[in-house]
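**Student:** got a predicted model here, sequence first, then my questions.
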Amino acid sequence: MIRSRHYTPAHEDFRAGVRRFMEKECAPYRDAWQAAGRTPPELWRKAGEAGLLCTKMSPEYGGGGGDLFHCLIVLEEQTRICFNELTFYLHSDIIAPYIELYGTEDQKRRYLPKMATGEFVAAIAMTEPGAGSDLQAIRTTARAVGNGYRLNGQKVFISNGQVGNLIVVAAKTDGGAGAKGISLFLLETEKAEGFTRGKNLKKIGCKAQDSSELFFDDVYLPPEALLGGVEGQGFPMLMRRLPEERLIMAMSAVANTEEAVTETVAYTSERKAFGQRLMDFQNTRFKLAEAKTKAVLGRVFLERCMDAFIEGKLDTTTAAMLKWWTTQRQNEVADECLQLHGGYGYMMEYDIARRYADSRLGRIAGGTNEIMKDIIGRTL
Ligand SMILES: Cc1cc2nc3c(=O)[nH]c(=O)nc-3n(C[C@H](O)[C@H](O)[C@H](O)COP(=O)(O)OP(=O)(O)OC[C@H]3O[C@@H](n4cnc5c(N)ncnc54)[C@H](O)[C@@H]3O)c2cc1C
């Protein structure tokens, strides 16, 4: 239950619609999409029609004019059906804000309305085979030619890499300037000669999320593809967005922690061994008591940070604490809850098995938990 003072009855109405959408448009197809390794473009159009995309974006550009609680609700409702790989949050709450906050007026008008309808599905391509945590080490270049640029390089692990048709690409416009030489570009894939999608990589969890390699071989970018129209601004743009992105990672972690506890209470209340319910063993109650406590602490910390964010007060260090702490607890709880399911916990038809596999990503993506601790450590 959300207790934040920023949470209103209108949010609950929105939740009812999201729940219907998840149950009707996603739950029946989840397994098929996981087998296919991706979601279909029609899903994105339907989500746009139902008002699930770009809920926080200004209505001026076709968005819902909401706040971060709309993002949380979408994440909570997809977590209920154990569909962690649905990347609406990435498209709507991580990528669209780059364009809304930093884009030129022309870029906003060109991309944002179609992102809200799902005609454009967005991806963000920073990571490369040789550069993940150390973003400054990227080797993809955007070389100025005439009015525009030529993009060359390679990216890896890019979510929405198969379904995405609008990719925000981080590239070096000045190889000698370190972080100051990184710029962000908006690449429309349909028109991009020299752009190819590589393998849709096989993963241990979040299987319907198309995490892909992307290749750029002398792809022409017109001058208006440069986000914000000024070179060398990519790194500060990325840095400024990190606290919110980490908050979003924590939303998924907390929602999954809570669902794992709920599912496991239900399972252990039914399942019997040695003539009694699993729940009647003290070990079960103690493990679930610990798990529930972690879920509640995660929720309190998350909502405190969401309130701080909405009030413009969330700092990078606190966001890093929230991200590592909640994703670490998510992993621990998923592991303990799987154990309480016995052999069934190891079977993919039980959601706890999926949650266990999916949870591992939280400690790696969005900045690894080691990087989070480094950020915190530097402030001590
Ligand atoms: C499923 C999935 C989806 C992803 N989606 C995207 C996406 O959409 N777009 C995108 O750009 N990227 C994406 N990523 C990439 C993700 O952000 C990176 O994997 C992550 O930042 C780590 O980078 P790396 O894999 O290169 O690991 P490395 O940076 O090589 O790190 C390896 C290990 O070394 C540790 N390490 C590194 N530096 C330090 C340090 N300074 N101190 C202590 N320890 C350190 C790390 O914590 C880690 O444990 C995705 C990854 C996955 C797995």
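**Tutor:** Looks like it came in fine. Numbering: from 1, shown residues only.

**Student:** which pLDDT value belongs to the residue in the stretch 201-350 of the chain that the ligand sits nearest to?
**Tutor:** In the stretch 201-350 of the chain, no residue comes nearer to the ligand than Ser211, which is 4.3 Å away by Cβ to the nearest ligand atom. C-betas here are computed from N, CA, C, even on glycine. The per-residue pLDDT reported for Ser211 equals 97.

**Student:** contacting residues for it?
**Tutor:** Phe157, Ile158, Ser159, Gly161, Asn200, Leu201, Lys203 (Cβ atoms under 8 Å, 6 or more residues apart in numbering).

**Student:** so the second one sits against Ala122, correct?
**Tutor:** When you say that, I think you mean Ile158. No - because the distance of 10.9 Å does not satisfy Cβ atoms under 8 Å, Ile158 is recorded as not touching Ala122.

**Student:** quick one, phi/psi of the residue nearest to Glu370 when sequence neighbours are not counted?
**Tutor:** With Cβ to Cβ, 6 or more residues apart in numbering as the measure, Ser133 is the residue that lies nearest to Glu370, at 7.8 Å, once sequence neighbours are left out. Ser133 adopts backbone torsions of phi -60, psi -40, taken as degrees, to the nearest 10.

**Student:** Ser133 and Met372 touch, don't they?
**Tutor:** No - using Cβ under 8 Å as the test, Ser133 is too far from Met372 to be in contact (10.7 Å).

**Student:** higher neighbour count, these two?
**Tutor:** Met372 (25 against 12; other Cβ atoms under 10 Å).

**Student:** distance of the most centrally placed residue in the chain from Arg299?
**Tutor:** Residue closest to the average C-alpha location in the chain (Cα atoms, centre = their mean): Leu90, at 4.4 Å. As for Leu90, its distance to Arg299 is 22 Å (criterion: Cβ to Cβ, to the nearest Å).

**Student:** one more: Gln78?
**Tutor:** Here the criterion is Cβ to Cβ. By it, Gln78 lies 17 Å from Arg299.

**Student:** how about Arg378?
**Tutor:** 28 Å.

**Student:** between those two, who's got more neighbours?
**Tutor:** Neighbour totals were compared for Arg378 and Arg299, and Arg299 leads with 18 against 9 (other Cβ under 10 Å).

**Student:** isn't that one right next to Asn256, touching?
**Tutor:** No - shown here, Arg299 and Asn256 do not form a contact pair, counting by Cβ under 8 Å, at 11.8 Å.

**Student:** so which bits of the stretch 201-350 of the chain are right by the ligand?
**Tutor:** By Cβ under 6 Å from any ligand atom, the residues of the stretch 201-350 of the chain that approach the ligand are Lys203, Cys206, Ser211.

**Student:** dump those to TSV, plus secondary structure.
**Tutor:** Shown next, in TSV, are these (DSSP: H, G, I helix; E, B strand; the rest coil):
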residue	secondary structure
Lys203	coil
Cys206	coil
Ser211	coil
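
**Student:** all strands for the stretch 101-250 of the chain, in order.
**Tutor:** Applying DSSP state E, counting those that start in this stretch to the stretch 101-250 of the chain gives strands spanning 122-125, 141-145, 148-158, 166-172, 182-188, 195-200, 212-221.

**Student:** contacting residues around the fifth one?
**Tutor:** Read that as strand 182-188. 98-99, 102-103, 107, 111, 135-136, 138, 142, 149, 151, 165-173, 195, 219, 221, 225-228, 231-235, 237-238.
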